[in-house]
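J.: What follows is a protein structure lacking sequence information:
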């Protein structure tokens, strides 16, 4: 390569718009390897799950998904608002890893629907904004005095649909997970 070609490439690289790591890395980040396997299985086997993931990936929300063995009674999964920085909202999803794989996938879809509901609304910048959103589009499912939980029909519908789609698939076993 000549010096002129190298210089041209360097200048082109410097002139190109800079994108941060968060802008081209996945918006949904599954932190637990077993849950990641379930996530990938859901994407591969459920058209509804796959479409939901594509929609979430197109919104300004970053979703961190974690397995949790210590979920409160009768709660299989939950989403919490973490923060908002420069228009990008950060949420955390916890999924009860003691549940069956099919149930974990359906609950993950349910929580991803909530992430989508937040991601589609650029005015959701903190916990109070999120609670206000859910007071308008959903209904209160729990209020224990220190914590409120909300639900939406859209999330319940997605959960049922993904559960049905996963139930139509033949049972198979991998090294760590039975579907």
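T.: Right, received. Where do you want to start? Since the model is a prediction, treat every value here as computed from it, not as a measurement.

J.: okay, CA-based contacts and neighbour counts for the rest of this
T.: Will do.

J.: List the buried residues in stretch 32-39.
T.: Buried positions in stretch 32-39, judged by neighbour count with 16 or more other C-alpha atoms under 10 Å: 35, 36, 37, 38, 39.

J.: Narrow these to those in strands?
T.: Among these, no member falls in strands (DSSP state E).

J.: Tell me which other helices or strands the helix or strand harbouring residue 53 touches.
T.: In this assignment (DSSP states H and E), residue 53 forms part of helix 47-57. Packed against helix 47-57 by the contact rule (3 or more C-alpha pairs under 8 Å, 6 or more residues apart in numbering; DSSP states H and E) you find strand 28-30, helix 33-45, helix 101-119, helix 153-167.

J.: most packed of those?
T.: Of all the helices and strands packed on helix 47-57, helix 101-119 has the most neighbours on average by mean count of other C-alpha atoms under 10 Å, namely a mean of 25.

J.: what about the helix or strand just after it, average pLDDT?
T.: Scanning forward in sequence from helix 101-119 by DSSP H and E, the next helix or strand is helix 127-137. Throughout helix 127-137, pLDDT has a mean value of 86.

J.: Stretch 51-70 too?
T.: For stretch 51-70, mean pLDDT is 96.

J.: tell me which helix or strand of this protein sits lowest on mean pLDDT?
T.: Averaged element by element with mean pLDDT, DSSP states H and E, the chain has its least confident helix or strand at helix 3-15 (a mean of 39).

J.: any idea how far residue 123 lies from residue 163?
T.: When C-alpha to C-alpha, to the nearest Å is the yardstick, residue 123 and residue 163 sit 31 Å from each other.

J.: let me fix that: residue 139
T.: Using C-alpha to C-alpha, we find residue 139 at a distance of 22 Å from residue 163.

J.: about what we covered before: will you turn the helices and strands packed on helix 47-57 into CSV that also has mean pLDDT?
T.: Formatted as CSV, the helices and strands packed on helix 47-57 follow (pLDDT from 0 to 100):
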stretch, mean pLDDT
strand 28-30, 97
helix 33-45, 96
helix 101-119, 96
helix 153-167, 94
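
J.: Dump those to TSV, plus distance to residue 128.
T.: Putting these into TSV (distance: least, C-alpha to C-alpha, whole Å) gives the following:
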stretch	distance to residue 128
strand 28-30	23
helix 33-45	29
helix 101-119	12
helix 153-167	20
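
J.: Out of the ones you listed, which is closest to residue 63?
T.: Each of the helices and strands packed on helix 47-57 was scored for nearness to residue 63 using C-alpha to C-alpha, and the closest is strand 28-30 (4.7 Å).

J.: Next, report how far the closest one is displaced from the centre of its chain.
T.: Averaging C-alpha coordinates over strand 28-30 and over its chain gives two centres that are 6 Å apart (C-alpha atoms, centre = their mean, to the nearest Å).
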